[in-house]
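Peer 1: sequence-free structure coming up:
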């Protein structure tokens, strides 16, 4: 008798791999075949990269499985929030500090 996690092991990994390839090829297409501005292309590629990272966390690293599934998601959301606050706060302080002198 197989465990529940093992019964869908191959298909979930194949779907995750195919979706990762799709997102990668979408980024390549946007970068090479569109005439969008550089800024828009960078935003699209960055968004696709974040989507792919999330996809890989759930499909390959099984973040939501186990006893601490919800705790893992909450911890990652908090870490992302803190990273954004630190980066945006640093940019804000560094760019507005010279205006006072």
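Peer 2: Cool, the structure landed. As the structure is a prediction and not an experimental result, all values here were calculated from the model.

Peer 1: just checking, next helix/strand downstream of the helix or strand of the chain with the lowest mean pLDDT?
Peer 2: Every helix and strand of the chain was ranked by mean pLDDT, DSSP states H and E. The lowest is helix 4-7, at a mean of 56. Moving toward the C-terminus from helix 4-7, the next helix or strand (DSSP states H and E) is helix 9-33.

Peer 1: got the domain boundaries for this protein?
Peer 2: 1-62, 67-101 (automatic domain parsing).

Peer 1: tell me which of those is the most buried.
Peer 2: domain 1-62 (a mean of 12; mean count of other Cβ atoms under 10 Å). The C-beta positions use only the backbone N, C-alpha and C, and glycine is treated the same way.

Peer 1: starting at the chain centroid, how far to it?
Peer 2: Remark: domain 1-62 is offset 9 Å from the chain centroid, using Cα atoms, centre = their mean, to the nearest Å.

Peer 1: report the contact partners of residue 36.
Peer 2: 30, 44 (Cβ atoms under 8 Å, 6 or more residues apart in numbering).

Peer 1: kindly recompute the last result at 10 Å.
Peer 2: For residue 36, the contact set (Cβ atoms under 10 Å, 6 or more residues apart in numbering) comprises 30, 42, 43, 44.

Peer 1: residue 41 too?
Peer 2: By Cβ under 10 Å, 6+ apart, residue 41 lies in contact with 27, 30, 31, 32, 34, 35.

Peer 1: again, only using 7 Å
Peer 2: Shown in contact with residue 41 (Cβ atoms under 7 Å, 6 or more residues apart in numbering): 30, 31.
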